[in-house]
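Enquirer: Pasting the sequence and the predicted coordinates here, then a few questions.
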Amino acid sequence: MKKIYLVLIAVFTFLAAGAQDIHYTQFYNTPLTTNPALTGVVPGTYRVGVIYRNQWFSGVHSGFFNSPYQTPSVSFDMPIAVGTKGDAVGVGAFILYDAAGASSFGTFSAEASGSYIKHLGPNHQLSAGLQVGFTQTSYKNPQFASQYQGNEFNGNILSGVNLQPNLKYVNLNIGLLYYGKLTSKISLYLGGTIFNTTVPKYNLSTGQDKKSLYLRGNISGGLDFAIGRRIHILPSVLWMRQSVTNELNTGLGFGYDINMTTNVTLGIYNRANDIITKYHQAESAIVYAAFQVKGFKLGASYDFTVSKFKEAGAGTGGLEISLMYIGLPKVYSLKEIMFCPRF
């Protein structure tokens, strides 16, 4: 049974290559891959982040670092004050590599990100951002269903598929974000992004017409309800759509401030696929925990698979570990505008 799922992973990897972009469960801890308008929206002088996702690490293969899906990335961004009215320019960049499926289909992306953060008042700001990026794909040892005899792979059987050794393209993403304090106890953020606006064309198979990379859109939002001086209730939502594929992430976090520079956050979330079609189904139940002290924040989440793919065995979920550092200056000249959502 596991080898049957291995074949499915190989097939879905190549299908997904033209249908769905890479994204993280902890979208709130990967701001530059979620919305370029979040560039520079930092409660400090700069932000450095790394995140690593490992999926199906024991469901199909044995060994944590031999899993069919692994996605590490690193990012940096910072705000630069502009003028005397509290506006700022955000600049940043990220590098991401995704290894997916039994065929080790690889995607490398390097993107530069910029934003303009408009100060709308003491407690409100609007940010518009864009990203320009370079992406290259590659693969090694592809396996196809036609090369299996029963449940056994036979590399001597020709697949009949000719693939490009690698593909390269340049892309552009744009985004918008509002964040503000509605009352002294309630904060709101709401934003949206359109990815692949240049609609680059490519095809993994040789001798075939190139196809356009589908536009991808997302809408994200959340609230921060402060209860007293230490407790925060943090509902959030992310909805994405690309071609006929759509996904909804919803959940609730609970934050507790130990002191001014130390806090803990726990959360539980849900991911559902194809929610606007008759094929809608729950895909994952997600638990999340984060600990922040001074400028450091360590987060961890695990996706428990609840769809039919759980039949492949234990460990078919996804683990994500994130680490972020925000530089905290002694003199906080951007304090009035550089407040950002709490997760």
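Expert: That came through fine.
Enquirer: Residue 34 contacts residue 25, doesn't it?
Expert: No: using Cβ atoms under 8 Å, residue 34 is not in contact with residue 25, being 11.4 Å away. Using the backbone N, CA and C atoms, a C-beta is placed for each residue, glycine as well.
Enquirer: who has more neighbours, the two?
Expert: residue 25 (26 against 22; other Cβ atoms under 10 Å).
Enquirer: Give the buried residues for stretch 121-133.
Expert: Neighbour counts over stretch 121-133 (16 or more other Cβ atoms under 10 Å) mark 125-133 as buried.
Enquirer: Export only the CA atoms of that stretch, formatted as CSV.
Expert: The C-alpha trace of stretch 121-133 is given here as CSV (Å, rounded to 0.1, in the frame of the first residue of the first chain):
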residue,chain,number,x,y,z
GLY,A,121,-2.7,57.9,12.0
PRO,A,122,-1.4,56.9,15.5
ASN,A,123,-3.0,53.4,15.2
HIS,A,124,-3.5,52.7,11.5
GLN,A,125,-1.3,51.9,8.5
LEU,A,126,-1.6,50.8,4.9
SER,A,127,1.1,48.9,3.1
ALA,A,128,1.5,48.1,-0.6
GLY,A,129,4.3,45.8,-1.8
LEU,A,130,5.8,44.0,-4.7
GLN,A,131,8.3,41.2,-5.3
VAL,A,132,10.5,40.4,-8.3
GLY,A,133,11.9,36.9,-8.3
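Enquirer: which residues are contacting it?
Expert: 32, 35-41, 90, 109-120, 170-181, 191, 336-337, 339 (Cβ atoms under 8 Å, 6 or more residues apart in numbering).
Enquirer: so what's residue 262 up against?
Expert: 292-294.
Enquirer: hmm, try it at 7 Å
Expert: Contact partners of residue 262, counting by Cβ atoms under 7 Å, 6 or more residues apart in numbering, are 292-293.
Enquirer: Same question for residue 181.
Expert: Here residue 181 is in contact with 123, 187 (Cβ under 7 Å, 6+ apart).
Enquirer: Distance of it relative to residue 97?
Expert: 38 Å (Cβ to Cβ, to the nearest Å).
Enquirer: swap in residue 220?
Expert: 24 Å.
Enquirer: neighbour-wise, which of these two wins?
Expert: A count of neighbours by other Cβ under 10 Å puts residue 220 above the other of residue 220 and residue 97, at 23 against 16.
Enquirer: what about the nearest residue to that one once chain neighbours are set aside, how many neighbours?
Expert: For residue 220, ignoring the flanking residues on the chain, the nearest one in space by Cβ to Cβ, 6 or more residues apart in numbering is residue 238 at 4.5 Å. Around residue 238 there are 22 other residues, counting by other Cβ under 10 Å.
Enquirer: What strand or helix carries residue 238?
Expert: Applying DSSP states H and E as the criterion places residue 238 in strand 231-242.
Enquirer: From the contact counts, what lies against that strand?
Expert: Helices and strands touching strand 231-242, by 3 or more Cβ pairs under 7 Å, 6 or more residues apart in numbering; DSSP states H and E, are strand 216-227, strand 245-257.
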